[in-house]
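Peer 1: Predicted model, plus sequence, below.
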Amino acid sequence: MAREVRLVPRESDVADWRRYIGARGMTLVLHPGSRSPWRLWPADRFAAVCDRVQDELGAQVVLAGGPADRAQVEKIRSLARSHVLALDAPPSLPRLAALARAGSAFLCHDGGPMHVAAAVGTPVVALYGSQNTVLFRPHGEGHTLVAPAMPCAACIAPGECVPADSYHNRCVRLNTVEEVFGAVRATLGRA
């Protein structure tokens, strides 16, 4: 049985992020990285979600990532038509926890940042491919998992994907902009 882990970021760090963001309403923190390049949702789709979140929901979007995610963050920022904030440098783990806490929702892949956001109590929208959503889901209530039907019936990269290895398949690309935006809209609506 898994137990829920709670992180409590320093209130001064959370307040710093809220001043940086400058949003008086909802804020979506987007962490587009993954330790496996195979499991990355495309930057143009993240940019489309950013635009819809800002245009249709009036929420501010903040892009954050680790050192290996800089190119992905910059690509999303360049493709987005709306103004999205992008951090100049990757935040430390305590600062990432505070940023997640300052946000109304956290959009990311299945991975470490997802668990950090869940641990500070921020509702998560997590993108999955073929990963086990039961074993690797964020702990706590109010999280939304966006995952394609498994087993994969319509492989998008035949000959490339290794069906038995979730770190070497591109199933996350089966998730659509409409599905991800719908999950973000519902999550922000509850926030």
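Peer 2: Happy to help now that I have it.
Peer 1: What residue in this structure is the furthest from its centre?
Peer 2: residue 159 (28.0 Å; C-alpha atoms, centre = their mean).
Peer 1: show me what contacts the residue positioned nearest the centre of the chain?
Peer 2: By C-alpha atoms, centre = their mean, the chain has its centre lying nearest to residue 108, at 1.6 Å. Taking C-beta atoms under 8 Å, 6 or more residues apart in numbering as the contact definition, residue 108 lies against 30, 31, 32, 33, 114, 117, 124, 125, 126, 127. For glycine as for every other residue, the C-beta is placed from the backbone atoms N, C-alpha and C.
Peer 1: Can you classify it as helix, strand or coil?
Peer 2: Look at residue 108: counting by DSSP: H, G, I helix; E, B strand; the rest coil, its state is strand.
Peer 1: what pairs with it across the strands?
Peer 2: Taking DSSP bridges, one finds residue 31, residue 126 as the beta-bridge partners of residue 108.
Peer 1: quick one: it and residue 19, what's the gap?
Peer 2: 23 Å (C-beta to C-beta, to the nearest Å).
Peer 1: Ok, residue 133 next?
Peer 2: According to C-beta to C-beta, residue 133 and residue 19 sit 36 Å apart.
Peer 1: all helices for the chain, in order.
Peer 2: With DSSP state H as the criterion, the chain has helices at 11-21, 43-57, 70-79, 93-102, 112-119, 177-190.
Peer 1: neighbours around residue 162, how many?
Peer 2: For residue 162, the neighbour count with other C-beta atoms under 10 Å is 11.
Peer 1: okay but it is in contact with residue 169, surely?
Peer 2: Yes. With contact defined as C-beta atoms under 8 Å, residue 162 and residue 169 form a contacting pair (6.1 Å).
Peer 1: what about residue 134, neighbour count?
Peer 2: Using other C-beta under 10 Å, residue 134 has 7 other residues around it.
Peer 1: Let me see the contact set for residue 122.
Peer 2: Residue 122 neighbours (C-beta under 8 Å, 6+ apart): 29, 100, 101, 103, 104, 105, 106.
Peer 1: quick one: which of these is nearest to residue 82?
Peer 2: residue 29 (15.5 Å; C-beta to C-beta).
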